[in-house]
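Peer 1: okay, predicted coordinates and the sequence, questions at the end:
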Amino acid sequence: MSLTIPAPGSSTSDARVRTYQVRTFGCQMNVHDSERLAGLLEAAGLVKDESGQADVVVFNTCAVRENADNKLYGNLGQLAPVKERNPGMQIAVGGCLAQKDRETILQKAPWVDVVFGTHNVGSLPALLERARHNNEAQLEILESLEVFPSTLPTKRDAVYSGWVSISVGCNNTCTFCIVPSLRGKERDRRPGEILAEIQALVDDGAIEVTLLGQNVNSYGVEFGDRGAFAKLLRACGQIQGLERVRFTSPHPAAFTDDVIDAMAETPNVMPQLHMPLQSGSDKVLKDMRRSYRSRKFLGILEKVRERIPHAAISTDIIVGFPGETEEDFQATLDVVEQSRFASAFTFQYSKRPGTPAAELPDQLPKAVVQERYERLIALQDRIAAEENARQVGRQVEVMVTAAQGRKASETHRLSGRARDQRLVHFSVPDGAEVPRPGDLVTVTVTEAAPFHLIADAAGPADYSVRRSRAGDAWDRAQAESCGVPSPGAAQGRGVSLGMPSLPVRSS
Ligand code: SF4
């Protein structure tokens, strides 16, 4: 199906190509779903909007935050007059909030054309077409998954890395979480299908994949193989050309030694682990209906570090869960102190409508939550700075990313991710080869801050570049998008000349 509209005053035969924009809110799962949505729209003939005036605007929403709906309706409100001026424009709302609010969205924002749920992203092009043809808003929400999202076309944001869904939904019932009611029970993809998708990404130039699921280490529960996740990691280790494997998120309750062994023994599985703590208080964990306790959590970290000594471990923490006492909060601080997280996503608890925790008594005053939150941040920032300081002097391999640091134009540094996922800003010595996004550079860390490392090579001896297939793929993608390959592609080798299009350090 091709989604085109006639340009004003033209016949259908010279219909112009429509443009789209996908606006994403929320978690990594949504970022991944948005790549699918972009892929579906491109497969239907639309192109990504570069002008800020897309013909189709898709909101991929998140229901996790209390004010998520206000934000969505605010955004939709801003688009109402735009749509009035451009009658051919279409607006679609998908994701968790759509799954939850359904027709309410059309009642509150009748200028929306399509509302679709988390289980039917694949229907979007058909729904847009139907809305246009029937001149009537379309609402389609399925209660369960019909096509696994990863079997749909994808438009990846970065050619050098990709997300691969291994499961969707979750069988746990954490009381603060809306996922089980919106995404349903865990559904696992077959290993063969996952490995085929990874192979296709690698064939396309990717050298890094992140396996994605709400609870990756329970992968296999649906087809009765408790060891399936460890086996999947080991199978990733057999894929030629795949250099970096990551996964998110595991759950401490079901995190077993076979997974730690597979991580340690599979060279392309990166020394990095995101392990959500949520709270260090056993009482709060119980109230959250998280079935592990702080001792077990610390035990996992100990085992991981025993097998993978330089693993960078990150976490999620919620502050101010209903009924959390000062003593409970102290327990969280204690576990954070002992865990030595490289980084943490910290959240102030806020009621999520539709979750059991929203109904709990003893919701804490905002001022109490804020004050605890600030103490937690101060502690975690200190630990992150200390842990990063220990990296100074270490040699790290960095995969260069297209995104650059905020100060890149002043510092002329490029950026990338180390094997342990730490963000590294590095300089290219004068006259040295300039890497492309996707290439791998080896540099020595010279400075540390809480959220990044700096590697300023004193000279070419401290700096080397390994050109990768991912860098080649980047060049191809650039050439396809603008018809001009990067200097590196044209000459086989890019060299820092002090004024290239990629920012490099001039001195
Ligand atoms: S494990 Fe808990 S927090 Fe994670 S998706 Fe499942 S219910 Fe939500």
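Peer 2: Happy to help now that I have it.

Peer 1: for the longest helix along the chain, which helices and strands make contact with it?
Peer 2: Longest helix in the chain, counting residues (DSSP state H): helix 366-389. For helix 366-389, the packing partners by 3 or more C-beta pairs under 8 Å, 6 or more residues apart in numbering; DSSP states H and E come out as strand 312-319, helix 326-339, strand 343-348, strand 447-448. Using the backbone N, CA and C atoms, a C-beta is placed for each residue, glycine as well.

Peer 1: please repeat the previous calculation with a cut-off of 6 Å.
Peer 2: Counting contacts by 3 or more C-beta pairs under 6 Å, 6 or more residues apart in numbering; DSSP states H and E, helix 366-389 packs against strand 312-319, helix 326-339, strand 343-348.

Peer 1: downstream neighbour of it in the secondary structure list?
Peer 2: In the C-terminal direction, the helix or strand that comes right after helix 366-389 (DSSP states H and E) is strand 395-400.

Peer 1: which parts of the following helix or strand past that following strand are buried?
Peer 2: Once the chain leaves strand 395-400, the next helix or strand it forms, by DSSP H and E, is helix 408-411. By 16 or more other C-beta atoms under 10 Å, the buried positions in helix 408-411 come out as 408, 411.

Peer 1: how far does stretch 332-349 stretch from start to finish?
Peer 2: End-to-end distance of stretch 332-349: 14 Å, with C-alpha to C-alpha, to the nearest Å as the criterion.

Peer 1: swap that for stretch 103-123, sorry
Peer 2: Start-to-end span of stretch 103-123 (C-alpha to C-alpha) is 17 Å.

Peer 1: domain map for this protein?
Peer 2: For the chain, the domain assignment from automatic domain parsing gives the residue ranges 4-140, 150-389, 395-491.

Peer 1: which stretches in the stretch 101-250 of the chain count as helices?
Peer 2: Applying DSSP state H, counting those that start in this stretch to the stretch 101-250 of the chain gives helices spanning 103-108, 124-134, 179-183, 191-203, 228-236.

Peer 1: low pLDDT regions in the stretch 301-450 of the chain?
Peer 2: The model of the stretch 301-450 of the chain has no residue with pLDDT under 70.

Peer 1: indicate the residue of it located nearest to the ligand.
Peer 2: residue 316 (8.6 Å; C-beta to the nearest ligand atom).

Peer 1: my read is that residue 44 contacts residue 124, right?
Peer 2: No - between residue 44 and residue 124 there is no contact under C-beta atoms under 6 Å: 8.5 Å.

Peer 1: between the two, tell me which one has more neighbours.
Peer 2: The neighbour comparison of residue 44 against residue 124 (other C-beta atoms under 10 Å) goes to residue 124, with 26 against 20.

Peer 1: ok, now which ones touch the more buried one?
Peer 2: For residue 124, the contact set (C-beta atoms under 6 Å, 6 or more residues apart in numbering) comprises 40, 116.

Peer 1: gap between the residue of the stretch 301-450 of the chain closest to the ligand and residue 275?
Peer 2: For residue 316, the distance to residue 275 equals 9 Å [C-beta to C-beta, to the nearest Å].

Peer 1: these two: which is more packed in?
Peer 2: Neighbour tally, residue 316 and residue 275, criterion other C-beta under 10 Å: the higher count belongs to residue 275, 20 against 14.

Peer 1: who's residue 245 bridged to?
Peer 2: residue 209, residue 269 (DSSP bridges).

Peer 1: what's the neighbour count on it?
Peer 2: Residue 245: 22 neighbours (other C-beta under 10 Å).

Peer 1: over to residue 200?
Peer 2: For residue 200, using other C-beta under 10 Å, the count is 13.

Peer 1: what do you get for residue 74?
Peer 2: By other C-beta under 10 Å, 10 other residues sit near residue 74.

Peer 1: quick check: closest non-adjacent residue to residue 335.
Peer 2: Leaving aside its sequence neighbours, residue 335 sits nearest to residue 280 (C-beta to C-beta, 6 or more residues apart in numbering; 3.2 Å).

Peer 1: got it, and residue 332?
Peer 2: residue 280 (3.7 Å).

Peer 1: mind telling me what element the one you found is part of?
Peer 2: Per DSSP H and E, there is no helix or strand for residue 280.

Peer 1: also residue 40?
Peer 2: helix 28-43.

Peer 1: partners of the next helix or strand after that helix, with directions?
Peer 2: As assigned by DSSP H and E, the chain's next helix or strand after helix 28-43 is strand 47-48. Take DSSP bridges as the rule and strand 47-48 pairs in its sheet with strand 19-24 (parallel).

Peer 1: what's the spacing between the strand it pairs with and its chain's center?
Peer 2: The chain centre lies 17 Å from the centre of strand 19-24; the measure is C-alpha atoms, centre = their mean, to the nearest Å.

Peer 1: buried ones in that strand?
Peer 2: Neighbour count says strand 19-24 has 19-22, 24 buried, by 16+ other C-beta under 10 Å.

Peer 1: pull the contacting residues for residue 23.
Peer 2: With contact set as C-beta under 6 Å, 6+ apart, residue 23 has these partners: residue 59.

Peer 1: rewinding a little: how many neighbours does the nearest residue to the residue of the stretch 301-450 of the chain closest to the ligand once chain neighbours are set aside have?
Peer 2: Excluding its sequence neighbours, the residue lying closest to residue 316 (C-beta to C-beta, 6+ apart) is residue 276, at 4.1 Å. Under the neighbour criterion other C-beta under 10 Å, residue 276 is assigned a count of 20.
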